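Participant: give me the fold of what follows.
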Amino acid sequence: MRWQQTSESRRRLRILTWHVHGNYLHALTQLPHDFVIPVLPGTMAGYSRLGPALPWGRNIRQVPVQQIHEQELDCVIYQSRRAFESERYRLLTPEQLKLPSIYIEHNPPEPHPTDTVHWFHHDMGVLIHVTHHNALMWDAPAVTTRVIEHGLVAPPVSLFTGELPRGITVVNHLRQRGRRVGADIYQQLARQVPLDLIGMASEDLDGLGEIPNQDVPGFIARYRFFFSPVRYASLGLSVVEAMMAGLPVVGLAVTELPNVITNGVNGWLDSRPDRLVDCMRQLIAEPETARQWGQAARELALSRFSIGRFIDDWNHVLAEATRQADSGVMA
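Facilitator: Predicted coordinates:
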């Protein structure tokens, strides 16, 4: 379903949020609103300055944390438990604490996959999940909940060349994060099929290192397929980015991915690693099959994960939150 914009959704808002996931924040700031980002010297998580890796817009202001209480705001968007449970009381005035508040949950629940209760609760709050699978798994009975799937600015044409008869995986800190994101699966399959790994600290697993954000689509487009070894996490933006670049996706049949990839159409999913190896070898041997599946992946990504749909969804939720705050009632 595509949300229809209303006059309320076009009201320009002043939004406070944190720098947690750079690529997601870049997509979020495509909204026609103004964003305030709290910053501290150094690289403290959630407070680092915006670097040059992404083309940030003029609608973003980086404000020292000690000046946040002076800002005129319409809404607060939290993106971490620490920011919501403790840091907001240090940064915000009592009036700012009462503003319409949204919490973006980027991940499925931990430690328990079905019985973990979400900590977000606010009298004027909305909990946003980035996948329907995450929303299904989190226990959040006392808060208004919505799903806004990822949105990215797509390259104008397919970038896929498939010139390298190899697969590519994009995961930050794969070795450190371990089984949850499939470090063991990646290593197991890399011994059987030509695979490369990029991302932060990928050198720890003989990877190629970190690639600048803006260069990633063109870099991975040279590969025959994208491989997701993730066992338990959200739908990675790198998966969507690969699809938009025109790559087929091979991965484990878990979380939201089975609702995105159709076997033999735009990729292949399975819970059996040996079946994934068979598919990878097929795509290496059949570049035209890889191209066809990749084109289907791009077409789905353009329709489902477009930045226009993302903006419409967010404008709808922001309009709902601020309108209901004005009336003093949340659904």
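Participant: how many other residues sit next to the closest residue to residue 258 other than its chain neighbours?
Facilitator: Nearest non-adjacent residue to residue 258, counting by C-beta to C-beta, 6 or more residues apart in numbering: residue 269, 5.9 Å away. Bear in mind the C-beta positions are built from the backbone N, C-alpha and C, glycine included. Neighbourhood size, residue 269 [other C-beta atoms under 10 Å]: 20.
Participant: distance of residue 269 from residue 169?
Facilitator: In this view, residue 269 and residue 169 are 15 Å apart by C-beta to C-beta, to the nearest Å.
Participant: so residue 217, which of the three states?
Facilitator: helix (DSSP: H, G, I helix; E, B strand; the rest coil).
Participant: what about it, distance to residue 152?
Facilitator: With C-beta to C-beta as the criterion, residue 217 and residue 152 are 10 Å apart.
Participant: joint contacts of the two?
Facilitator: 241, 244 (C-beta atoms under 8 Å, 6 or more residues apart in numbering).
Participant: isn't the residue nearest to residue 258 right up against residue 256?
Facilitator: No. Applying C-beta atoms under 8 Å as the test, residue 269 and residue 256 come out as separate, 11.1 Å apart.
Participant: any idea which element residue 15 lies in?
Facilitator: strand 14-17 (DSSP states H and E).
Participant: quick one: average confidence on that strand?
Facilitator: Here strand 14-17 scores 98 as its mean pLDDT.
Participant: packing partners for that strand?
Facilitator: strand 34-39, strand 75-78 (3 or more C-beta pairs under 8 Å, 6 or more residues apart in numbering; DSSP states H and E).
Participant: who wins for proximity to residue 104 among those strands?
Facilitator: Residue 104 sits nearest to strand 75-78 of all the helices and strands packed on strand 14-17, at 6.3 Å, using C-beta to C-beta.
Participant: which secondary structure element of the protein has the lowest mean pLDDT?
Facilitator: Taking mean pLDDT, DSSP states H and E as the measure, the chain has helix 307-327 as its least confident helix or strand, at a mean of 88.
Participant: check residue 151 and give its pLDDT.
Facilitator: On the pLDDT scale, residue 151 gets 97.
Participant: surely it meets residue 27?
Facilitator: Yes. Counting by C-beta under 8 Å, residue 151 touches residue 27, with 5.4 Å between them.
Participant: which neighbours do these two share?
Facilitator: 307, 310.
Participant: which helix or strand contains residue 63?
Facilitator: strand 60-64.
Participant: that strand vs strand 34-39, what angle?
Facilitator: 30 degrees (axes from the mean of the first three to the mean of the last three C-alpha atoms, to 10 degrees).
Participant: just the buried positions in strand 60-64, please.
Facilitator: Residues of strand 60-64 classed as buried by neighbour count (16 or more other C-beta atoms under 10 Å): residue 60.
Participant: give me the helices and strands touching that strand, please.
Facilitator: Using 3+ C-beta pairs under 8 Å, 6+ apart, strand 60-64 sits against strand 34-39.
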